[in-house]
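**Student:** quick one: sequence and predicted model below, then my questions.
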Amino acid sequence: MMTREEYSQFVHKTAPKSNHVLTMIKAFLIGGLICCIGEGIGDIVKGISPQLDEKLVANITTIFMIFLGALLTGIGWYDDIGNFAGAGSIIPITGFANSVVAPAMEYKKEGIVFGICSRMFVVAGPIIVCGVLASVFSGIFAYFVL
């Protein structure tokens, strides 16, 4: 039987080594590329319809980025991007779309109701609930204290 120290040395010796600098560079570049794509979409929307106000352009861009994240997840490319870029692939909008679509696709064999619909928000559901609760408590605090 191995002691704790021997096991720790064994794990340290056999665990794959990670190049943290390269990992951070990839995350930065891919995350930045995703953000640049979003900015480019906003610029294209403004160019097509210059009369639109900034909020509507932002909404259209958000919708397109959610669609893009869901599409890339659906065709299996978002996992490849995530494996390459790590944390750079979880930019809030596209990462959120991926966190909704991926579980739904995984459980689609169980049917629409018990598979897709019931599993769709397994990952994103707690985030939505905590975000809503945090905003409610922040609003109450701001109303009474500030």
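**Tutor:** Good, I have the coordinates.
**Student:** what comes up buried for the lengthiest helix in the chain?
**Tutor:** In the chain, taking DSSP state H as the definition, the longest helix is helix 20-48. By neighbour count on 16 or more other C-beta atoms under 10 Å, the buried set for helix 20-48 is 26-27, 30-31, 34, 37-38, 41-42, 45. Using the backbone N, CA and C atoms, a C-beta is placed for each residue, glycine as well.
**Student:** now do the strand or helix carrying F141: which elements does it pack against?
**Tutor:** Taking DSSP states H and E as the definition, F141 sits inside helix 124-145. Helix 124-145 sits against helix 92-106, with contacts defined as 3 or more C-beta pairs under 8 Å, 6 or more residues apart in numbering; DSSP states H and E.
**Student:** any idea of the angle the helix it packs on forms with helix 124-145?
**Tutor:** For helix 92-106 against helix 124-145, the angle by axes from the mean of the first three to the mean of the last three C-alpha atoms, to 10 degrees is 140 degrees.
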